[in-house]
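Engineer: pasting the sequence and the predicted coordinates here, then a few questions.
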Amino acid sequence: MYADKREPQRNVISMNNAMDALEQALASQKKFILVHQSNAPRKTMLEEIMSLADIDSENLSQASHQDVRLKELNMDDQKLLAIQGFLRDVYEICLNIEDVQNLTVKAIIELESQCVDSNFEENHGIASYFPALYSDELLYTTDMFSLPTLASSATHNTIDMSKPYLCIVPGVEGYYGRFTELCKRLKLPAIALQPGLDHPKETFKELASRYINALEKKSALHNNFYLLGYERGVLIALEMVAILESKGLTGTVFCVGGTPTEVVEDFRNNLKDYKNKEHLQMAVLKHAYSLATKEDPSVLDSLPKNLDWPNKLVECMDRMRGKFQYSIEYTKKWINYLYTQLSSSLENTYEMKKMNSQIISLRPKYITSIDTSLENCSNKKIITYQLESSLPTTHLNMKCATIINSHLDRAILEIYNHRNICHTYSLSNDDVTAD
């Protein structure tokens, strides 16, 4: 298989397209395959099926033809078999010939909507850091949460912390749920640390120290540790490394977000539309109002002017009263936490410390050039991976799990390869997620 080198660099195919091309090439009977970037728009499932049937799809897509079945189009068996194979090979939909014949135009359109996530929208501004207000107050305020991975059963809420595990330090959101998809592909157990809502003004050092103390209580500090910091969690994870190394421990830290300088700069770029703290405060209140009530937050435009933040928060809560399902205390704490974290993230800087642990940078797609400040932070060579996704969606990039697995110790991979694949179940009521 050859890539067309005559194409300019900007038209180089993506990794996903390259893998698709490789799979099709291996399945074909041809000796040589030429792969090139196509500028043609992607066909819908309906268009592909109508193309296989030699039928014009434009007329069928009209509302008056939505209930037309394929068997009414007088297709021969060969075309029906081609459509059956297309659905199986491309969309992994297995139907018998009778079901294929009974497919309507409307059913085909609905099938595609279920198979292809076409409504994905990347959040911006405050929503990229706080996309939701989570209803489970206890889970949001739990200091430690174990996540299901390939190496630990999803039905068991506790892990053996005397063995190697990945410790995840979340970003400004402070919630474990962002990492569930990433962890599903990891080859070692994982836990997520959560800051809770009761310490909104603590510094990175103070939060790192609190995390270390929580791990120490569970006798979970070991040499050759694995830490992962996401977004602002990169700064906190590096502080944790400094504390751990002062105790004589070293390990590996994955910086999902790049360098501290890049993370802080991303905050500033993402929130640059808020010219001062008053603008940021109103934006936070409106964002929280819309998440909690699902209503238009413009009602907050009539808030009295010149109020300080605590009084603005009280006024906002009064206007939200009776419109949301969460407890008043939890919602108020969450909104205050949201504003405090965002405002401090705009002001904070990070002082680089020399360390002996291995730093692996998973750099999202930034508009700026690569920052090399981490080179002065470690005695070991920094390993950097350039990702194609932006920071708010990096946790959904499956390449992250592959990178993490590739840097695990051989002994951990041996344990994974020889693991018991039977599901385990907790029989004791004493097993809990965290203290």
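Structural biologist: It's in.
Engineer: ok, Glu375 to Thr368 distance?
Structural biologist: Distance of Glu375 to Thr368, computed by C-beta to C-beta, to the nearest Å: 16 Å. The way it works is simple: take the backbone N, C-alpha and C, and place the C-beta from them, glycine included.
Engineer: now swap in Glu278 and tell me
Structural biologist: Taken as C-beta to C-beta, the span from Glu278 to Thr368 is 29 Å.
Engineer: so for those two, which residue has more residues nearby?
Structural biologist: Glu278 (14 against 11; other C-beta atoms under 10 Å).
Engineer: in a helix, that one, correct?
Structural biologist: Yes. Counting by DSSP: H, G, I helix; E, B strand; the rest coil, Glu278 falls inside a helix.
Engineer: quick one: the strands in the chain?
Structural biologist: 2-3, 34-35, 144-147, 166-169, 190-193, 225-230, 251-256, 358-363, 383-386 (DSSP state E).
Engineer: domain assignment for this protein?
Structural biologist: 1-40, 44-119, 125-435 (automatic domain parsing).
Engineer: return the most buried member of those.
Structural biologist: domain 125-435 (a mean of 17; mean count of other C-beta atoms under 10 Å).
Engineer: what mean pLDDT does it get?
Structural biologist: For domain 125-435, mean pLDDT is 87.
Engineer: cool, stretch 90-106 as well?
Structural biologist: Mean predicted confidence for stretch 90-106 is 85.
Engineer: if we can go back for a sec, closest one to Glu262 among the strands of the chain?
Structural biologist: strand 358-363 (7.2 Å; C-beta to C-beta).
Engineer: okay, now the sheet partners of the closest one, with direction.
Structural biologist: strand 251-256 (parallel), strand 383-386 (parallel) (DSSP bridges).
Engineer: list of residues touching it?
Structural biologist: 251-259, 262, 370, 374, 377-378, 380, 382-387, 394, 400, 403, 407 (C-beta atoms under 8 Å, 6 or more residues apart in numbering).
Engineer: tell me how far it lies from the chain's centre.
Structural biologist: 17 Å (C-alpha atoms, centre = their mean, to the nearest Å).
Engineer: so that strand versus strand 225-230, what angle?
Structural biologist: 20 degrees (axes from the mean of the first three to the mean of the last three C-alpha atoms, to 10 degrees).
Engineer: can you dump the C-alpha atoms of strand 358-363 in CSV for me?
Structural biologist: Only the C-alpha atoms of strand 358-363 are listed here, as CSV (Å, rounded to 0.1, in the frame of the first residue of the first chain):
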residue,chain,number,x,y,z
GLN,A,358,9.6,10.5,34.4
ILE,A,359,7.4,13.2,32.9
ILE,A,360,5.3,12.3,29.8
SER,A,361,3.4,15.1,28.2
LEU,A,362,0.3,14.5,26.2
ARG,A,363,-0.1,17.8,24.4
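Engineer: give me the outermost residue of this structure relative to its centroid.
Structural biologist: Asn74 (46.4 Å; C-alpha atoms, centre = their mean).
Engineer: that one and His124: what is the separation?
Structural biologist: The separation that Asn74 has from His124, given C-beta to C-beta, amounts to 50 Å.
Engineer: now the end-to-end length of stretch 69-85.
Structural biologist: Stretch 69-85 has an end-to-end distance of 18 Å (criterion: C-alpha to C-alpha, to the nearest Å).
Engineer: same deal with stretch 400-413?
Structural biologist: End-to-end distance (C-alpha to C-alpha), stretch 400-413: 17 Å.
Engineer: my read: Thr252 touches Asn223, true?
Structural biologist: No. With contacts defined as C-beta atoms under 8 Å, Thr252 does not count as touching Asn223, sitting 11.3 Å away.
Engineer: if we can go back for a sec, would JSON lines of the strands of the chain with distance to Arg69 be doable?
Structural biologist: Output for the strands of the chain, formatted as JSON lines (distance: least, C-beta to C-beta, whole Å):
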{"stretch": "strand 2-3", "distance to Arg69": "43"}
{"stretch": "strand 34-35", "distance to Arg69": "37"}
{"stretch": "strand 144-147", "distance to Arg69": "45"}
{"stretch": "strand 166-169", "distance to Arg69": "50"}
{"stretch": "strand 190-193", "distance to Arg69": "48"}
{"stretch": "strand 225-230", "distance to Arg69": "49"}
{"stretch": "strand 251-256", "distance to Arg69": "49"}
{"stretch": "strand 358-363", "distance to Arg69": "49"}
{"stretch": "strand 383-386", "distance to Arg69": "49"}
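Engineer: about what we covered before: what about the strands paired with strand 358-363, which gets the closest to Ile55?
Structural biologist: strand 383-386 (44.6 Å).
Engineer: and the closest one, how far from the chain's centre?
Structural biologist: 18 Å.
Engineer: contacts for that strand, please.
Structural biologist: Under C-beta under 8 Å, 6+ apart, the answer for strand 383-386 is Gln358, Ile359, Ile360, Ser361, Leu362, Arg363, Lys365, Ile370, Lys399, Ile403, His407.
Engineer: could you redo the last one with a cut-off of 10 Å?
Structural biologist: Outside strand 383-386, the residues within contact range by C-beta atoms under 10 Å, 6 or more residues apart in numbering are 252, 254-256, 258-259, 358-366, 370-372, 374-375, 399-400, 402-403, 406-407.
Engineer: go on, stretch 302-315?
Structural biologist: Here stretch 302-315 has contacts from 277-278, 280-282, 284-285, 288, 300, 316, 319, 332, 335-336, 339-340, 343, using C-beta under 10 Å, 6+ apart.
Engineer: gap between it and the chain center?
Structural biologist: The answer for stretch 302-315 is 34 Å, by C-alpha atoms, centre = their mean.
Engineer: quote the end-to-end distance of that stretch.
Structural biologist: 10 Å.
Engineer: for stretch 211-225, same thing?
Structural biologist: The first-to-last residue distance of stretch 211-225 comes to 14 Å (C-alpha to C-alpha).
Engineer: circling back: contacts only, for the residue farthest from the centre of the chain.
Structural biologist: Counting by C-beta under 10 Å, 6+ apart, the residues that Asn74 touches are Ala53, Ile55.
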